[in-house]
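1. Quick one: sequence and predicted model below, then my questions.
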Amino acid sequence: MSQSLSGHTPPQEGRFKRSLGWLEILFIGFGAMIGFGWVTLTSGWLIGAGTMGTVVAFIIGAAIMALVGLVYAELVSAMPLAGGEHNYLLRGLDPRLAFIGSWGIVGG
């Protein structure tokens, strides 16, 4: 397989182009570690809320996640392109706002 001068491989027929380098992968991993922090912090919040507060919190969280899942299902069926949220923002907003929104999603 041939590589260009930038180190990226050209896309093959019916495949995605490999465009992430080691630095991007490092930052994705770092973001995943930071993002997992809220999971470990919720135990303290749930202890303070008690049993009923925990049940209510999980029910509210499940309802929100169900709505988010339905929204993503509609977006994917309407715009089946690689790139996910960035493509949705490009279609709905100005490219500059889509850029800011995409970085907001990455920074989370």
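-> All right, it came through fine.

2. Now the element after the helix-or-strand element of the chain with minimal mean pLDDT, going C-ward?
-> The helix or strand of the chain with the lowest confidence, counting by mean pLDDT, DSSP states H and E, is helix 85-92 at a mean of 79. Sequence order places helix 95-107 as the next helix or strand after helix 85-92, per DSSP states H and E.

3. returning to that earlier point: the least confident helix or strand of the chain - contacts with which helices or strands?
-> helix 95-107 (3 or more C-beta pairs under 8 Å, 6 or more residues apart in numbering; DSSP states H and E). Backbone N, C-alpha and C define where each C-beta goes, glycine included.

4. buried stuff in the helix it packs on?
-> Within helix 95-107, the residues that count as buried by 16 or more other C-beta atoms under 10 Å are 98, 101-102.

5. model confidence over the longest helix seen in the chain, on average?
-> Ordering each helix of the chain by length in residues (DSSP state H) puts helix 37-78 first. Mean pLDDT, computed over helix 37-78, is 84.

6. how distant is it from the center of its chain?
-> Relative to the chain's own centre, helix 37-78 is displaced by 16 Å; criterion: C-alpha atoms, centre = their mean, to the nearest Å.

7. Could you do stretch 88-108 as well?
-> Its chain's C-alpha centre and that of stretch 88-108 lie 12 Å apart, by C-alpha atoms, centre = their mean.

8. List of residues touching that stretch?
-> Stretch 88-108 is contacted from outside by 31, 35, 75, 79, 85-86, using C-beta atoms under 8 Å, 6 or more residues apart in numbering.
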